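Visitor: Below is the sequence, then the predicted model.
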Amino acid sequence: MKQFLIFVKKECLHIWRDRRTLVILIGMPIVQIILYGFALTNEVKNSRIAVFDQSKDDATRLITDRIAASRYFNLEKNLNSYKQIGESFREGIVRMVVVFPINFQDDLLHTNHAQIQLIADASDPNTANTLANYASAIVNDYQNALNNDQKLPYNIDVQLRMLYNPELKGAYNFVPGVMALVLMLICAMMTSISIVKEKEMGTMEVILVSPLKPFRIVLAKTVPYLLVSLLNIISILLLSVYALDVPIKGSIFLLMAESTLFTITSLSLGILISNFSRTQQSAMFTSMMSLFLPTLLFSGFLFPIENMPKALQIISNIVPAKWYYIIVKAVMIKGLGITAIWKETLILMGMTLLLLGISIRNFKIRLA
Amino acid sequence: MQTDKVISVSNLTKKFGDFTAVDNISFDCVKGEIFGFLGANGAGKTTAMRMLCGLSLPTSGEASVAGFDVYKESELIKKKIGYMSQKFSLYEDLTVWENIRFYAGIYGLSDSNIREKSRQLLTELHLEGQENALVRSLPLGWKQKLAFSVAIVHNPAIVFLDEPTGGVDPITRREFWGLIYEASARDITVFVTTHYMDEAEYCNRVSIMVDGKIEALDTPANLKQHYNADSMDEVFLHLARTATRSQD
Amino acid sequence: MAVTVQDLVKNYTVKKKTIEALKGISFSVEKGEIFGIIGPDGAGKTSLFRILTTLLEPDGGSATVDGCSVKDEYLQIRQRVGYMPGKFSLYQDLTVQENLEFFAAIFNVSIADNYEYIKEIYEQIAPFKDRKAGQLSGGMKQKLALCCALIHKPTVLFLDEPTTGVDAVSRKEFWEMLHRLKTQGITILVSTPYMDEAGLCDRVGLIQKGAFLSIETPQSIIRDFKKTLWSVRADDMYRLMETILKSPLINSCYPFGQYHHVTFKDDTKKQSDLEAIVAPGNFKDVEIAAIQPNIEDCFMALMTE
């Protein structure tokens, strides 16, 4: 055990003495989150909208005026057909269209019930979301004002339609995505580099000729990176809660446990890569190409997997980050418990055991 | 004789902070001379050599190499010198021909000139038919000989050799010195460092650096006489044992 | 026997071409012996050391270290041997003290327990114990590496080219350390490209292209030199060699420091024959003498046989 601890200590010293890398390790996730945070807090002002008023009565005119008067919106044009809605979006003239159905006021006054449809361009999901919220609020205000002198309440039903990106993938999706990416990068890439570095420096020769079991060498090299990764998860979560207002709805323990599991998956991938790499450069490129890019592409946080061709959808299943991403979203955003994600957790566990098994089996107890 | 000086160094000093790596050294080398530059590890040989190659600026003192000033004309110096070391010589993953082509190309030789030179070079080294072999596949001795020939392919005024024969078998080592003599006969000045003391005997003159200073500079015969020693090994040990510092 | 090697073969395959690094070599080393493996780079020294330290598996033959087979009992061997690879193999970003602590720990010993063993060497680098290993001079690095290889009291010590690139003074000091270690009963296998270090070993194996040219005590190797060796010098050494090599009677002429070492094809030839060969060159200060060969002469003779 003492052997093991001193090895871990040595590994920590390496990380600690290499200040530049250390700063990158700790700083990278923070910078990524903050950068996105800035993009997120851009206030929406004077967004151009269009109105397709099929009713043209007092109520619709009043609501339209109220929306147009708000500092968030500029009424760009009035539309006369459904066809024009698509055109205006495609031409990029408007970000949102407000649609009033025929007989809006009649419906409202006689059945106490009417509908407004808000169609937003969700290719920029945050803006779309914000605009829809503002517009709904204005409609709500109007409805409340009407209801003030009414016994039977009027009810205006606001229907939202998000064009181009119906799931509104954005802020909430970004945090789990960055977590997957950062863990993959730090664990896999840094572990593989640090193991290969010993091969390059010639120190691996001396360590192998010691009674230290090869398996323990590997384990000892991964422990410090496990710690750094957990530190990173904590910093990402703190930032997302306090700076980005993305709450952790589910159990934080479950989240940490799942993250540790994914960290171990990534570490075993790192060991595996180090088995096949002879230089630090090749370890880095292998990590980049075989881990970083697939994580970016197939985890689902940049590009919706369900929109991909069938073949790619199937491939995405072997990317561990995809499962981690689903788990984090479920726990963090949706607030679900283990009962909802046990399947994904099992898949991730299976992958980890398999990878760990392969990488330890393949770890060379000799030089060649 | 004045015109024959290809290296002229006076009071050359290089400091790194408080540490004086090269301490006020002065010497000259003449055309076609084989000049042995000896010293223990950390005596300052590498630093001195870097300054002469125009890779590092002196702190003070003067030096001219091939008639050019090391402070202002380092780019001109680089065109007139060749360099080879045990650690870096040729690209292992390029073929013999590609290496020759590359180095000759760097020095601006014309294509026809390169072809002629490389044919001549391959014949001299008995490497005909090996043009397309990867350098990696050559035995070390051949590599070193090839590297030397490539280092003088542009007919430099001076060639700097940094431990060129380390690890080479004894026969190849001697063949290598044969090449050095040929270069010297072609009026190329050879500036060489080595850890093999018998090789010091092959030099026209030898300087021995201790703690950044040149403690001795003369022909091997005179040095042995002066220190009442049988071999250069004894002379070297006598001087290097007085060293107080030990730094790489 | 501390080390036995029987018909050891090692091949590497590079681009479908098989390179024979070791062509079935055999030798043995007795306990407490300093055994030198002397040969140029690429002769197979490092492959041999890596097999004996269990870092590589042989492709044929067998070997034991301290009675354990390198194939099956590698864990036992790893407990007992000390190894200093050719490349400087300490952690450059750790201090002297940290390096030593680390290597002590992975061998499951404490520095305090075995301090007596390395004391003499360690004291020379102790003043720099808080300096990072990467900032040490060549000679100091070498001493630290030796301490790290010795800290667990190995029975057999493998030193792969410990003196390569090291200056003559540090080399002498290093060999003095090895001789003091020998008095403590440790078996030392050391490889070197420097022929002049052969005389410092109890026995040497001269190795070239994966095969031994000779395995003997340095004295017997020299005794086995079959021909009379002549040393010649004159005022113009380069022209002297050309003159000598032109003669059809000459077997070899190699420059050797301030002399040329010469052998005849026919060993019955005498000093007067050599004088006759040199005479047409009109050299000044000609000196000719029959001399004792050294290991390098023997190596070259064996190489060309």
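Guide: Cool, got the structure. Residues are numbered from 1 along each chain as shown, chains lettered A, B, ... in the order given.

Visitor: measure A:Ala135 to chain B for me?
Guide: Using CB to the nearest CB, to the nearest Å, A:Ala135 is found at 64 Å from chain B. Glycine gets a C-beta too; all of them are placed from N, C-alpha and C.

Visitor: which SSE is that residue in?
Guide: Per DSSP states H and E, A:Ala135 falls inside helix A:125-147.

Visitor: how about that helix: buried residues?
Guide: Using 16 or more other CB atoms under 10 Å in any protein chain shown as the test for burial, helix A:125-147 gives A:125-132, A:134-135, A:138-139, A:142-143, A:146.

Visitor: can you check stretch A:327-342 too?
Guide: Neighbour-count burial for stretch A:327-342, counted by 16+ other CB under 10 Å, picks out A:Ile327, A:Val328, A:Lys329, A:Ala330, A:Val331, A:Met332, A:Ile333, A:Leu336, A:Ile341.

Visitor: cool, and stretch C:238-249?
Guide: Within stretch C:238-249, the residues that qualify as buried are C:Tyr238, C:Leu240, C:Met241, C:Thr243, C:Ile244, C:Ser247, counting by 16+ other CB under 10 Å.

Visitor: Quick one: mean pLDDT over that stretch.
Guide: In this model, stretch C:238-249 carries a mean pLDDT of 90.

Visitor: What count of nearby residues applies to C:Gln184?
Guide: Number of residues near C:Gln184 (other CB atoms under 10 Å in any protein chain shown) recorded here: 11.

Visitor: cool, and B:Val153?
Guide: Neighbours of B:Val153 under the rule other CB under 10 Å: 21.

Visitor: do the same with A:Glu87
Guide: A:Glu87, neighbours per other CB under 10 Å, totals 11.

Visitor: Could you check the pLDDT of it?
Guide: pLDDT for A:Glu87: 79.

Visitor: That one: what secondary structure?
Guide: Three-state call for A:Glu87 (DSSP: H, G, I helix; E, B strand; the rest coil): helix.

Visitor: do you know how far it is from A:Asn80?
Guide: The spacing between A:Glu87 and A:Asn80, counted by CB to CB, to the nearest Å, is 11 Å.

Visitor: again, but for A:Ser359
Guide: Applying CB to CB to A:Ser359 and A:Asn80 gives a distance of 65 Å.

Visitor: Of the two, which one has the most company?
Guide: Using other CB under 10 Å as the criterion, A:Ser359 and A:Asn80 rank with A:Ser359 on top: 20 against 10.

Visitor: So that one sits against A:Thr265, correct?
Guide: No. The pair A:Ser359 and A:Thr265 fails to qualify as a contact (CB atoms under 8 Å) at a distance of 11.0 Å.

Visitor: quick one: what helix or strand has C:Ser28 in it?
Guide: In the assignment (DSSP H and E), C:Ser28 maps to strand C:17-29.

Visitor: Give me the helices and strands touching the next helix or strand after that strand, please.
Guide: On the C-terminal side of strand C:17-29, the closest following helix or strand by DSSP H and E is strand C:34-38. Judged by 3 or more CB pairs under 8 Å, 6 or more residues apart in numbering or on different chains; DSSP states H and E, strand C:34-38 is in contact with helix C:45-52, helix C:168-182, strand C:187-192, strand C:203-208.

Visitor: Give the partner strands of strand C:34-38 in its sheet and their orientations.
Guide: Partners of strand C:34-38 in the sheet, by DSSP bridges, are strand C:187-192 (parallel), strand C:203-208 (parallel).

Visitor: State which one residue of chain B is found closest to chain A.
Guide: Residue nearest to chain A within chain B: B:Asp93 (12.9 Å; CB to the nearest CB).

Visitor: how big is the angle separating the helix or strand of chain A with the lowest mean pLDDT from helix A:125-147?
Guide: Lowest on mean pLDDT, DSSP states H and E among the helices and strands of chain A sits strand A:155-163, with a mean of 72. For strand A:155-163 against helix A:125-147, the angle by axes from the mean of the first three to the mean of the last three CA atoms, to 10 degrees is 170 degrees.

Visitor: Identify the bridge partners of C:His261.
Guide: Note on C:His261: beta-bridge partners C:Ser231, C:Tyr254, judged by DSSP bridges.

Visitor: likewise A:Asn74?
Guide: Beta-bridge partners recorded for A:Asn74 (DSSP bridges): A:Arg48.

Visitor: Against chain C, how distant is it?
Guide: Distance check for A:Asn74 against chain C: by CB to the nearest CB, it reads 60 Å.

Visitor: can you check B:Asn228 too?
Guide: From B:Asn228 to chain C the distance is 15 Å (CB to the nearest CB).

Visitor: now the helices for chain B?
Guide: For chain B, helices defined by DSSP state H occupy the ranges B:45-52, B:74-80, B:96-106, B:111-124, B:140-151, B:170-185, B:197-200, B:220-226, B:232-240.

Visitor: Number of residues surrounding C:Lys71?
Guide: C:Lys71 is flanked by 13 other residues according to other CB under 10 Å.

Visitor: Show me how far stretch C:257-273 is from its chain's centre.
Guide: 28 Å (CA atoms, centre = their mean, to the nearest Å).

Visitor: Equivalent analysis for stretch A:129-142, please.
Guide: Remark: stretch A:129-142 is offset 26 Å from the chain centroid, using CA atoms, centre = their mean.

Visitor: same question for it, mean pLDDT?
Guide: 81.

Visitor: What are the contacting residues of it?
Guide: A:44, A:47, A:49, A:62-63, A:66-67, A:70, A:72-73, A:95-96, A:98, A:116, A:118, A:120, A:122, A:156, A:158, A:160, A:162, A:168, A:170 (CB atoms under 8 Å, 6 or more residues apart in numbering or on different chains).

Visitor: Roughly how far does A:Ala122 sit from A:Asp245?
Guide: From A:Ala122 across to A:Asp245, the span is 20 Å (CB to CB).

Visitor: Of those two, which one has the most company?
Guide: More crowded of A:Ala122 and A:Asp245, by other CB under 10 Å: A:Ala122, with 24 against 11.

Visitor: show me where the stretch 1-150 of chain C has strands.
Guide: C:3-14, C:17-29, C:34-38, C:60-65, C:68-69, C:81-84 (DSSP state E, counting those that start in this stretch).

Visitor: what's downstream of the least confident helix or strand of chain A, the next helix or strand?
Guide: Counting by DSSP H and E, the next helix or strand C-terminal to strand A:155-163 is helix A:171-183.
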